[in-house]
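In: Pasted the sequence and its predicted model underneath.
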Amino acid sequence: MTAAPSPPGVDGSHAQLARVVREHAGRLAAVLVRLTGDFATAEDLVQDAVVAALQRWPRDGIPERPDAWLFSVARNRGLDGLRRSANYEAKLAQLEPPVPAGPDDRLSLMFTCCHPALSRPAQVALTLRVVCGLTTAQIARAFLVPEATVAQRITRAKRKISGAVIPFRVPDVDELGERLDEVLTVIYLLMNEGYLATAEQAEARDVVEDAEWLAALLHRLMPTEPEVAGLLALIRLHRGRSEARFGPDGDLILLPEQDRSRWDRRAIASATDLLASAARRRRPGPFQLQAAIVACHAEADRWADTDWEQIVLLYDMLLHLAPSPVTRLQRTIALRYAAGPAAALAELEGLAGALDRYHLLHATRAELLRALGRPDQARTADRRALELTSNPAERALLRRRIEWDPP
Amino acid sequence: MRYVLLFVETEDYAAQLDALPADERERAYALAGKWFVDHADRLRGANKLQPAETATTVRLGDGDTVVTDGPFVEGKEVVSGYAEVEAENLDEVLGMVRSWPGCPVVEIRPLET
């Protein structure tokens, strides 16, 4: 067996391919939507071009001008498919490269994909496909759902965009806050999806890279929005420590046991700089606060050096801006180290009703009970947590804890 | 682009409105009336419906047609009025509906051309 010859000077690796596609697909989609005024058709053309690129580039090498390559494939398909319509032909005839995307075009694209009139799963799928240039198959693998489900979500969303006339535009100042929250939430979900992914789910981990890329793009396009910078810093702080989160066998390693020498200190420092400059705008928000909490952990050289009082304070501010039982649960974990396990357990019991079906409530309860010298109750709580999570890495960790307990 | 707004009342909303003193209830109606005036340029006709208990539903089956008393969905939320709107896109309609001072639910349905 011989290796396929790879064209000289071209790195045709999977990651490189994905990066090039991502850099150009969204731009092309934005240009085509602007010029044709037809989101669904433009999106189909770009997807066709992306699929063609993923077939051809590994064999032929990545072209010198990937944008022009994708453009001409999309354009030719568009002309083939739409020759019947004089209107489209006229519009596509304008499409002579190079047609640079205006700075607002990709921004409009993000806002359209994350329009509040679309369901959350549709927003997520559309953003990945249209802005990041992922194929339906790649999205399906990342989210462990059947490809047909993703395809249907996208078809329905595109039908709604056309049918209800969801516009391709950057929202006005008076609606920008709310609409930006939608975009940030989608990117945050992508981050979480990848963050929780286990070693076997390589595609889901790649989604974190897409999340960082989207946040960085949004930050470039909206540099004065502190929450955008906050989310970007949050993603980078997580990524800077992701190497240390899994052991050699793919087992999950919790923060206290992580080997901090494996953290990317440079990435962490640049993320905290970004966060500090966002904070100078004096418009705090949930993403900046979450990033500040993660920064507190990331800046501690050892677990014992963690500034728990500061973390509890940041959680209080976060709860003030965005009350949520899950955030209150996270605060109890910090409270354990700032005020002791008994105080934390008392707080946690107040959340048992709201979060009874949330595995981390029970896992946290187990830790507190163990710290208080009540191993039997701790084991029961860990068993309950085990019933409620399907994440393989988390399940393995819980099983180890249940077995390790002294009888 | 044409859209129909379906104004939806809930039991809670109806009860709250009933509980208001007469002058406050009048003020609530006046606010809704003002909204229709403010958006007159986009509105292409609107009507309030009589209460749901006046509704009659006809189900056309295979051969036998069934006529029943009441709206087609039995529930706590009932359509209480509608308006037709002409707008460039959904965002314009959303902007308009956000300032609606009346019933707590509005469904926006684009019309087939």
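Out: Arrived safely.
In: what sits opposite residue B:107 in the beta ladder?
Out: Beta-bridge pairing of residue B:107, defined through DSSP bridges, involves residue B:6.
In: Name the helix or strand of the chain that has the lowest mean pLDDT.
Out: Since you didn't name a chain, this refers to chain A. Least confident helix or strand of chain A, by mean pLDDT, DSSP states H and E, is helix A:86-93 with a mean of 61.
In: wrong one, chain B
Out: strand B:65-69 (a mean of 89).
In: how far is whatever helix or strand comes next after that strand from where the chain is centred?
Out: Counting by DSSP states H and E, the next helix or strand C-terminal to strand B:65-69 is strand B:77-86. A distance of 3 Å separates the centroid of the chain from that of strand B:77-86, by CA atoms, centre = their mean, to the nearest Å.
In: quick one: strand B:77-86 near chain A?
Out: No - Strand B:77-86 stays clear of chain A (CB under 8 Å from any CB of the partner chain), getting no nearer than 11.7 Å. For the C-beta atoms, the positions are set from N, CA and C on the backbone; glycine is no exception.
In: Neighbouring strands - and their directions - for that strand?
Out: strand B:2-10 (antiparallel), strand B:43-48 (antiparallel).
In: buried stuff in the helix or strand harbouring residue A:58?
Out: Here residue A:58 is covered by helix A:39-60, with elements defined by DSSP H and E. Neighbour counts over helix A:39-60 (16 or more other CB atoms under 10 Å in any protein chain shown) mark A:39-50, A:53-54, A:57 as buried.
In: Which elements pack onto it?
Out: If you count contacts as 3 or more CB pairs under 8 Å, 6 or more residues apart in numbering or on different chains; DSSP states H and E, helix A:39-60 packs onto helix A:14-36, helix A:66-82, helix A:147-163.
In: Lowest average pLDDT across these?
Out: In terms of mean pLDDT, the lowest-scoring of the helices and strands packed on helix A:39-60 is helix A:66-82 (a mean of 83).
In: Now residue B:57, what are its backbone angles?
Out: Note on residue B:57: its backbone torsions stand at phi -120, psi 130 [degrees, to the nearest 10].
In: close enough to count as contact, it and residue B:68?
Out: Yes - using CB atoms under 8 Å, residue B:57 is in contact with residue B:68, at 5.1 Å.
In: Now do the same contact list for the residue of chain B found nearest chain A.
Out: Across chain B, the shortest distance to chain A (CB to the nearest CB) belongs to residue B:89, at 4.0 Å. By CB atoms under 8 Å, 6 or more residues apart in numbering or on different chains, the contact list for residue B:89 reads A:165, A:166, A:167, B:1.
In: Against residue B:43, how distant is it?
Out: Going from residue B:89 to residue B:43 by CB to CB, to the nearest Å gives 17 Å.
In: same check, this time on residue A:353
Out: 46 Å.
In: Who has more neighbours out of the two?
Out: For residue A:353 versus residue B:43, the count of surrounding residues by other CB atoms under 10 Å in any protein chain shown is larger for residue B:43: 17 against 8.
In: excluding its backbone neighbours, what's nearest residue B:80?
Out: Among residues not flanking residue B:80 along the chain, residue B:9 sits closest, at 4.2 Å (CB to CB, 6 or more residues apart in numbering or on different chains).
In: I'd say the one you found and residue B:76 touch.
Out: No - Residue B:9 lies out of contact with residue B:76 (CB under 8 Å); the separation is 9.4 Å.
In: These two: which has the busier surroundings?
Out: Per other CB under 10 Å, whichever of residue B:9 and residue B:76 has more neighbours is residue B:9, with 21 against 10.
In: pLDDT score for the more buried one?
Out: For residue B:9, the predicted pLDDT is 93.
In: so what's it up against?
Out: Residue B:9 neighbours (CB under 8 Å, 6+ apart): B:77, B:78, B:79, B:80, B:103, B:104, B:105.
In: if we go to 10 Å?
Out: B:17, B:49, B:51-52, B:76-81, B:102-105 (CB atoms under 10 Å, 6 or more residues apart in numbering or on different chains).
In: Report the buried members of the residues you listed.
Out: Buried residues within these, counting neighbours by 16+ other CB under 10 Å: B:49, B:52, B:77, B:78, B:79, B:80, B:81, B:102, B:103.
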